[in-house]
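**Student:** Sequence isn't available, so here's the structure alone:
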């Protein structure tokens, strides 16, 4: 256990340093030339600004506001969308995996072979098709499913979460399907079968937990991928979330603070997963 | 290996799609003179019956924009630039990461620190990072078009290098654990000789696969940057009607088309739909190719797959041994 704590602490500190270093990259370029001393000055300046977060301001069309009390609303909104999409995707993928498992093996093999196709749909396509669909639906029935141009105070959850959920679902489903096949080839399954345990019970009690481990291993990549999706969804649906804030301000301080704030819950999540996995199977 | 790849239907399908798209784009450039049919008003006899933008029809396969330019030919003409940027950027990414990976091999104690710093890339959406860095430079007037292109290309390349380098280094380490490397070492092979003579033959199929994955990543990144309004193609303003000026992409590069037409989505949805679809189609084609390569390397000739299964079982049994050395447990 101490090893895992030490390792997590190290990666926490290094990641924070890395994000701060990346956040001050804009200082590195005066015009287009590399400027190392400018970078160091910028780093110091960024550090000073971040020590007094109360003084950072951000601008909207209606005026200038201090970043900090307002930031939390924007931040929690983005975070809610991100994490609820992740968990919905996880649950949906599990349900689909069980359903596909119940299908005859001919169909199952076909699905497994072609499951990679769904992964190659770009996130943009889903968000834009969603917009087309809403417009089309509005024209047909005069019911507006979602305020396409959302206002500052108005927070909508359903459509952005839906757009963010689709691709991770396919991603997780594919990981589950590939690993389930491998898991079923293992010997303990034969033992379980010979003891007369039913197919569904084996799947539910033995195979799914083990395949979930591989999803947990991949969760960092999945969430990173979802962050890019979040950027697109916030832009396309005109949501004032954290990436919109960064995009519109473009200042290194706001960029760094926002990214650090995004980093903290994700890191805690991964570390928790790691600890759980460690307790569970003794893997690091 | 190469023969096996060509026998994979997935690889072949993806390759043919990309190849024919590129070939048609070059044909359009050199033989058809890169001309894009433009016509703002359709007449029947002398009576005007329709006015640009036209919907997709038999004449305009993908419709046309407000200037009456045929979108199908715009996409064909832009394909060579978009694909070219993706090919060049991912090639540079792989080359630099390969060099970086070899350097990391001798990083020794600094390695955990470098890995930890590299992790920070996983918490930042890469399009946003590039946007924040490039925006002040693209917005300013004091740079030429090519300077901006080089700068953006540099960033697109550099952003992926740290983590890909770590990945390549880990692949090399995996290969170096094989027995034949040990025997090569015992025979007195130098470090670089082992690297190039013994590791490389096993590494390069993986590098090809990584290359294809990088192409996909770059294409996605280009699409994202295009939507955010950063495009390679260069932007000019063209007059539309007496008082309007609308931004038009010069080179018809896809991210430019996407970004430029995004604001016209309500007016002419097909203008956004088809560029996004062409991104999707090309990405899918590259995924097909990657899948084909994966299958080819899984299924090496002369019943090696059988052997692999047996091997796996043996390894599996080894893992389940009840005695595990303490130090082994720590390192695994």
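**Tutor:** Right, received. Where do you want to start? Small disclaimer: the values here were computed from a predicted structure and weren't measured. Residues are numbered from 1 along each chain as shown, chains lettered A, B, ... in the order given.

**Student:** Closest to the centroid, which residue in the chain?
**Tutor:** By default, I'm working from chain A. residue A:223 (2.8 Å; C-alpha atoms, centre = their mean).

**Student:** Switch to chain B, please.
**Tutor:** Central residue of chain B (C-alpha atoms, centre = their mean): residue B:215, at 1.7 Å.

**Student:** got a list of what it touches?
**Tutor:** Counting by C-beta atoms under 8 Å, 6 or more residues apart in numbering or on different chains, residue B:215 makes contact with B:86, B:87, B:90, B:286. No exception for glycine: its C-beta is placed from N, CA and C like everyone else's.

**Student:** circling back to that earlier point, do you know how far the residue nearest to the centre of chain A is from chain B?
**Tutor:** As judged by C-beta to the nearest C-beta, to the nearest Å, residue A:223 and chain B stand 8 Å apart.

**Student:** Extract the residue ranges of chain A that are flagged as low pLDDT.
**Tutor:** A:1, A:30-32, A:145-154, A:282-284 (pLDDT under 70).

**Student:** Kindly recompute the last result at 90.
**Tutor:** A:1-11, A:21-74, A:97-160, A:162-163, A:174-221, A:234-255, A:257, A:271, A:273-284 (pLDDT under 90).

**Student:** which residues in it form strands?
**Tutor:** Under the criterion DSSP state E, chain A contains strands at A:29-30, A:33-34, A:57-60, A:63-66.

**Student:** is it possible to export these to a markdown table including distance to chain B and mean neighbour count?
**Tutor:** Listed next are the strands of chain A as a markdown table, based on distance: least, C-beta to the nearest C-beta, whole Å; neighbours: other C-beta atoms under 10 Å in any protein chain shown:
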| stretch | distance to chain B | mean neighbour count |
| --- | --- | --- |
| strand A:29-30 | 7 | 14 |
| strand A:33-34 | 10 | 8 |
| strand A:57-60 | 14 | 14 |
| strand A:63-66 | 20 | 10 |
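
**Student:** neighbours around residue 163, how many?
**Tutor:** Defaulting to chain A. By the criterion of other C-beta atoms under 10 Å in any protein chain shown, residue A:163 has 24 neighbours.

**Student:** Wait, chain B was what I had in mind.
**Tutor:** Look at residue B:163: counted by other C-beta under 10 Å, it has 16 neighbours.

**Student:** Help me confirm that it comes into contact with residue B:121.
**Tutor:** Yes - if you go by C-beta atoms under 8 Å, residue B:163 and residue B:121 touch, sitting 5.6 Å apart.

**Student:** Chain neighbours aside, what residue packs nearest to residue A:144?
**Tutor:** Excluding its sequence neighbours, the residue lying closest to residue A:144 (C-beta to C-beta, 6 or more residues apart in numbering or on different chains) is residue A:138, at 5.2 Å.

**Student:** Can you report how many residues lie near that neighbour?
**Tutor:** By other C-beta under 10 Å, 14 other residues sit near residue A:138.

**Student:** how close does it sit to chain B?
**Tutor:** From residue A:138 to chain B the distance is 11 Å (C-beta to the nearest C-beta).

**Student:** Which residue does the stretch 51-200 of chain A have closest to chain B?
**Tutor:** Using C-beta to the nearest C-beta, the closest approach of the stretch 51-200 of chain A to chain B is made by residue A:120 at 3.9 Å.

**Student:** show me the contacts for that residue.
**Tutor:** Per C-beta under 8 Å, 6+ apart, neighbours of residue A:120: B:216, B:280, B:283, B:284, B:286, B:287.

**Student:** what's the answer for residue A:46, then?
**Tutor:** A:20, A:23, A:24, A:27, A:252, A:253, A:256.

**Student:** same deal with residue B:61?
**Tutor:** With C-beta under 8 Å, 6+ apart, residue B:61 has these contacts: B:70, B:71, B:72.

**Student:** just residue B:36 next, same as before
**Tutor:** Each residue near residue B:36 by C-beta under 8 Å, 6+ apart is listed here: B:69, B:70, B:73, B:74, B:77, B:252.

**Student:** For it, which three-state class applies?
**Tutor:** coil (DSSP: H, G, I helix; E, B strand; the rest coil).

**Student:** Quick check on it: phi, psi?
**Tutor:** Dihedral pair for residue B:36: phi -120, psi 120, per degrees, to the nearest 10.

**Student:** Ignoring the adjacent residues along the chain, who's closest to it?
**Tutor:** Excluding its sequence neighbours, the residue lying closest to residue B:36 (C-beta to C-beta, 6+ apart) is residue B:73, at 4.6 Å.

**Student:** What residues sit buried inside the helix or strand containing that neighbour?
**Tutor:** Element membership for residue B:73 (DSSP states H and E) is helix B:71-105. Within helix B:71-105, the residues scored as buried using 16 or more other C-beta atoms under 10 Å in any protein chain shown are B:71-83, B:85-87, B:89-90, B:92-94, B:96-98, B:100-102, B:104-105.

**Student:** Can you read off the backbone torsions of residue 35?
**Tutor:** Assuming you mean chain A. phi -140, psi 90.

**Student:** if you could check chain B rather than the one you did, that'd help
**Tutor:** phi -80, psi 140.

**Student:** what's the answer for residue A:56, then?
**Tutor:** Dihedral pair for residue A:56: phi -70, psi 130, per degrees, to the nearest 10.
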